[in-house]
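Asks: Following is a predicted model, sequence given first.
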Amino acid sequence: MLFAASSVIVLILAIGLYFRHNRKLHPPIMMLAFILDILLVLVIELQRQAVEQVVEGLDSTLLTFHVIVSVTVVLLYIALLFTGIKVLKGQNQMMSAHRMLAYAFIIGRLTNYITSFFVGS
Ligand code: HEM
């Protein structure tokens, strides 16, 4: 179930990336993915207290890696939102930062998606 939700979010992100040069479609699609991803992280955390398991050393190295990547992805979402809004306001020099953050985000989100198979969330 959680895996299905994660797959839907990855699909929404792919659609948002396809429309990356469309200023009417790209921002709302990415915002939707962000909100759904935050909700997913909260559901996973409430279900299995993933962060606490890592802090208490109860689980595997892979879970630790997965949680670190997940937190990084959330921070990258915030940075993308911040730089995206600046670009929308006409600060075109923010575009290269947005692009670099987007590359890091895509790698992180795909890593998160793949490792979720192995940590069962
Ligand atoms: C996960 C989140 C996001 C990712 C991965 C992402 C990725 C990208 C990419 C790859 C581009 C094209 C860069 C280029 O020209 O090479 C782009 C453009 C852009 N993004 Fe995002 N973005 C995200 C979120 C957002 C958000 C939340 C906003 C606004 C609030 C936003 C606003 C923009 C704008 C205005 C452009 C320029 C469109 C244009 O005129 O070509 N992005 N984004």
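Replies: Okay, I see it.
Asks: Could you point out which residue ranges in this structure have low pLDDT?
Replies: Residue ranges of the chain with pLDDT under 70: 50-59, 120-121.
Asks: Grab the longest helix from it for me.
Replies: Across the chain, the longest stretch assigned as helix under DSSP state H is helix 61-88.
Asks: So which bits of that one are buried?
Replies: Residues 63-67, 69-70, 72-73, 76-77, 79-81, 83-84, 86-87 are the ones in helix 61-88 that count as buried (16 or more other C-beta atoms under 10 Å). Glycine gets a C-beta too; all of them are placed from N, C-alpha and C.
Asks: near the ligand, which of these show up?
Replies: Taking C-beta under 6 Å from any ligand atom as the test, the ligand is in contact with Tyr77, Leu80, Leu81, Gly84, Val87 out of the buried residues of helix 61-88.
Asks: and the residue nearest to the first one when sequence neighbours are not counted, how many neighbours does it have?
Replies: By the measure of C-beta to C-beta, 6 or more residues apart in numbering, the closest residue to Tyr77 outside its immediate chain neighbours is Phe34, 4.9 Å from it. By the measure other C-beta atoms under 10 Å, the count of residues near Phe34 is 19.
Asks: ok now do the residue of the chain found nearest the ligand, which residues does it touch?
Replies: The ligand sits closest to Gly84 of the chain, with a gap of 2.3 Å, by C-beta to the nearest ligand atom. Gly84 makes contact with Pro27, Met30, His98, according to C-beta atoms under 8 Å, 6 or more residues apart in numbering.
Asks: Taking the centroid of this protein, which residue is nearest it?
Replies: Val73 (4.4 Å; C-alpha atoms, centre = their mean).
Asks: As a check, name the ranges of all helices in the protein.
Replies: Under DSSP H, the chain gives helices at 2-18, 26-48, 50-55, 61-88, 95-119.
Asks: residues from this structure in reach of the ligand?
Replies: In this structure, the chain approaches the ligand at residues 17, 20-21, 23, 26-27, 30-31, 77, 80-81, 84-85, 87-88, 95, 98-99, 102, 105, judged by C-beta under 6 Å from any ligand atom.
Asks: May I see the ChimeraX selection of the buried members of the contacts of Gly84?
Replies: Buried subset of the contacts of Gly84, written as a ChimeraX selection, criterion 16+ other C-beta under 10 Å:
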select :27,30,98
